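Asks: Sequence first, predicted model second:
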Amino acid sequence: MPRRGRPTVAIKLSGDERKTLQRWARRHSSSQALALRCRIVLACAEGDRTHAQIAADLGCNSVTVSKWRHRFAADRLDGLVDAPRPGAARTISDDVIEAIVVETLETAPPDATHWSTRGLAAKHGISHTTVREIWRAFGLKPWRADEFKVSPDPELIEKIRDLVALYKNPPVAAAVFAVDEKPQIQALNRTAPTLPMLPTTPARATHDYERNGTCDLFAALEIATGKVITDIRTSHTSADFIAFLNKVNREVPKDLDVHVILDNLSTHKTPAVHKWLLRHRRFHFHFTPTYGSWMNLVERWFSALTTKKLQRSAHRSVKQLAADIAAWVDNWNQNPTPFVWHKTAEQILERLAGYCAAINQGADA
């Protein structure tokens with residue numbers, strides 16, 4: 001009995017087409033519809049599955065699979081992109097859009113450091129919502145400003161490569177820890193009780209507070225598992241740091257080397273710490289570049305502690321604060337989440353080279 005329905009069209013992809021489809025399917029900026037179409041075509045190109053099997057795997061209808069198989073066979077990559085839909089004609093010319101973008105990037109009004117939507121709208125005789133749409137289309141946010149600091153460390157490249165290698169390819173038979181201190185954590189108590197959240201109303205707290213002392217938190221984040229070893233102390237001197245290293249030494253199996261990533265705080269480099277390292281040969285220190293503490297993954301864990309616990313908590317004493325932190329750490333270690341480093345050393349250095357080139361151009365101008 002002959003097969004019913006539209007005949008199946010064989011899909012054969014060139015190398016460039018396959019790479020393009022894979023890129024469109026996984027990039028974050030692709031629409032969900034386009035990503036699904038790309039996955040359908042890639043599945044059809046395998047040639048050993050029916051439309052029903054592909055539809056079941058991708059969570060769509062077999063009619064959808066047939067549609068985009070035939071569309072791709074007829075128009076190739078262009079057939080996967082939605083055609084422009086009918087609508088009102090544009091009232092803003094390309095010249096005006098170009099002028100808006102260029103002025104946003106290269107000029108400023110006489111009374112401010114950057115343009116506002118209303119300022120540009122008044123200058124060009126258009127609405128401020130149109131300027132906002134143009135900014136959104138080109139990803140422009142002139143009211144925002146980021147900060148950066150180029151490290152003057154003479155061993156910058158070597159340190160970046162060393163730390164990234166530890167994160168992405170840790171040594172065999174070794175434990176890698178990201179170590180740092182969070183000093184002067186304040187035990188703050190609000191002057192009035194916090195009002196609970198209600199429908200349509202957020203939780204409300206007084207803006208003023210009482211200070212009830214401080215404590216210092218030492219933390220060692222194990223890169224492979226996400227577990228954290230902590231110690232809470234009243235100060236963060238060299239002696240306190242050595243005491244914390246002793247705690248790490250006790251908790252790590254004796255047959256493992258220990259690689260420690262830490263910043264350039266003077267507490268980490270005292271003669272007493274050097275003597276301790278001579279007595280504990282399995283410990284190896286790896287320092288972040290100067291002004292490069294962002295490369296220490298334990299900072300990400302400190303951020304989670306701050307936003308999830310400390311930021312909105314109230315404590316009447318340092319003892320209560322320390323107990324609260326210890327409880328939060330215990331809960332974290334019951335189901336730890338390792339932080340994964342994604343950037344390669346080459347990607348970091350290329351980004352840094354771009355910053356340096358921009359800085360040099362600005363200096364020459």
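Replies: Noted; the coordinates are in hand.
Asks: When you work out contacts or count neighbours from here on, use the C-alpha atoms and nothing else.
Replies: Noted.
Asks: Residue 227 reaches residue 331, doesn't it?
Replies: No - Residue 227 is beyond contact range of residue 331, at 10.5 Å (criterion: C-alpha atoms under 8 Å).
Asks: Which one of the two is surrounded by more residues?
Replies: residue 227 (20 against 11; other C-alpha atoms under 10 Å).
Asks: residue ranges of the helices in the stretch 151-300 of the chain, please?
Replies: Ranges of helices within the stretch 151-300 of the chain are 156-168, 238-251, 271-279, 298-305, based on DSSP state H, counting those that start in this stretch.
Asks: mind giving me CSV with those helices and columns for distance to residue 193, mean neighbour count and mean pLDDT?
Replies: Listed next are the helices of the stretch 151-300 of the chain as CSV, based on distance: least, C-alpha to C-alpha, whole Å; neighbours: other C-alpha atoms under 10 Å; pLDDT from 0 to 100:
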stretch, distance to residue 193, mean neighbour count, mean pLDDT
helix 156-168, 44, 17, 94
helix 238-251, 35, 16, 96
helix 271-279, 45, 13, 96
helix 298-305, 22, 17, 95
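Asks: Point out the one among these that comes closest to residue 148.
Replies: Ranking the helices of the stretch 151-300 of the chain by proximity to residue 148 (C-alpha to C-alpha) places helix 156-168 first, at 15.4 Å.
Asks: Output the contacting helices and strands for that closest one.
Replies: strand 283-287, helix 345-364 (3 or more C-alpha pairs under 8 Å, 6 or more residues apart in numbering; DSSP states H and E).
Asks: Buried residues of the last one, list them for me.
Replies: Of the residues in helix 345-364, those buried under the neighbour-count criterion (16 or more other C-alpha atoms under 10 Å) are residue 345.
Asks: Identify all contacting residues around it.
Replies: With C-alpha atoms under 8 Å, 6 or more residues apart in numbering as the test, helix 345-364 has contacts from 150, 157, 160-161, 164.
Asks: Redo those residues as TSV? Include distance to residue 253.
Replies: Below are the contacts of helix 345-364 laid out as TSV (distance: C-alpha to C-alpha, whole Å):
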residue	distance to residue 253
150	38
157	32
160	28
161	27
164	24
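Asks: ok, those vs residue 339, which is closest?
Replies: Out of the contacts of helix 345-364, the member with the shortest distance to residue 339 (by C-alpha to C-alpha) is residue 164, at 13.1 Å.
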